[in-house]
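1. Generate a structure from the sequence data that follows.
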Amino acid sequence: MKKQLTYIIALLVLGLLGYLGFSVVTKLQEKKEIATRLGTLPEFSFQQLDDTSFSNANLKINTKTIFVYFNSTCDFCQHEAQSISENLDKFTDVQFLFVSVEEKSIIKQFAKKYNLNNKPNITFLHDNTDTFSNSFGANSIPYLLIYDANGNLLKKHKGQLNANGILKILNP
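-> You can find the predicted model right below:
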């Protein structure tokens with residue numbers, strides 16, 4: 001009886017270790033796939049606040065692109081938006097794409113509060129299908145993806161990054 005119990009426990013431990021090992025390998029492969037996909041600006045399509053579609057085809061040509069994944073209740077997102085707003089004149093050759101899963105009315109309030117609405121180089125997008133986080137590897141907010149004018153990834157940043165930090169990445 002003791003021998004059988006020992007075998008059962010050993011099998012359970014081996015099964016658990018196998019499962020954990022498989023999970024780790026799967027997660028590492030997923031991260032590698034996302035990193036490869038994000039190396040150049042991936043295909044995307046989200047809704048603008050006026051219900052029109054916005055995709056890669058709408059991007060300004062030969063212009064640096066920054067995705068800012070945010071939530072209006074996030075303090076770090078608020079500070080980041082304030083910093084960008086205060087330094088907007090330094091981002092003349094940059095297009096910002098602010099993306100959120102929140103309701104469009106809330107996104108509009110956020111844009112207005114930080115004086116980022118109706119700016120030619122800022123577009124607010126509604127992720128109505130909740131795909132940004134999976135497609136772009138965003139597992140935190142704020143989350144920034146900074147691309148050069150050729151669509152090559154310069155930086156993937158989790159957490160708050162103020163305007164000066166963004167400018168250092170864009171203009172090393």
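
2. Could you pull out the buried residues of whichever strand or helix holds Ile107?
-> Assigned by DSSP states H and E, Ile107 belongs to helix 104-113. For helix 104-113, the neighbour count (16 or more other C-beta atoms under 10 Å) marks Lys104, Ile107, Lys108, Phe110, Ala111 as buried. (Glycine included, C-beta is placed from N, CA and C.)

3. can you check stretch 110-126 too?
-> Phe110, Ala111, Tyr114, Leu116, Asn121, Ile122, Thr123, Phe124, Leu125, His126.

4. Just the element for the spatially closest residue to the last one that is not a sequence neighbour, please.
-> By that I understand His126. Distances taken as C-beta to C-beta, 6 or more residues apart in numbering place Gln47 nearest to His126, at 4.5 Å, with adjacent residues excluded. Following DSSP H and E, one finds Gln47 within strand 45-48.

5. likewise Val24?
-> Per DSSP H and E: helix 2-38 holds Val24.

6. Average pLDDT for that helix, rounded please.
-> Confidence for helix 2-38, expressed as mean pLDDT, is 70.

7. repeat for stretch 79-87
-> Stretch 79-87 shows a mean pLDDT of 94.

8. residues of it that come out buried?
-> Neighbour-count burial for stretch 79-87 flags Glu80, Ala81, Gln82, Ser83, Ile84, Ser85 (criterion: 16+ other C-beta under 10 Å).

9. check contacts around the third one.
-> With contacts defined as C-beta atoms under 8 Å, 6 or more residues apart in numbering, the neighbours of Gln82 are Tyr114.

10. how near is it to His126?
-> 21 Å (C-beta to C-beta, to the nearest Å).

11. now Pro142
-> 17 Å.

12. same thing with Phe136?
-> As judged by C-beta to C-beta, Phe136 and His126 stand 15 Å apart.

13. I'd guess Asn128 is in a strand, am I close?
-> No. The assignment for Asn128, made by DSSP: H, G, I helix; E, B strand; the rest coil, is coil rather than a strand.

14. Nearest spatial neighbour of it, chain-adjacent residues omitted?
-> Nearest to Asn128 is Gln47, by C-beta to C-beta, 6+ apart, at 5.3 Å.

15. Do I have it right that the one you found meets Phe54?
-> Yes. Counting by C-beta atoms under 8 Å, Phe54 is a contact partner of Gln47 at 7.1 Å.

16. got the domain boundaries for this protein?
-> 1-38, 45-170 (automatic domain parsing).

17. Just name the most buried of those domains.
-> Of all these, domain 45-170 has the most neighbours on average by mean count of other C-beta atoms under 10 Å, namely a mean of 16.
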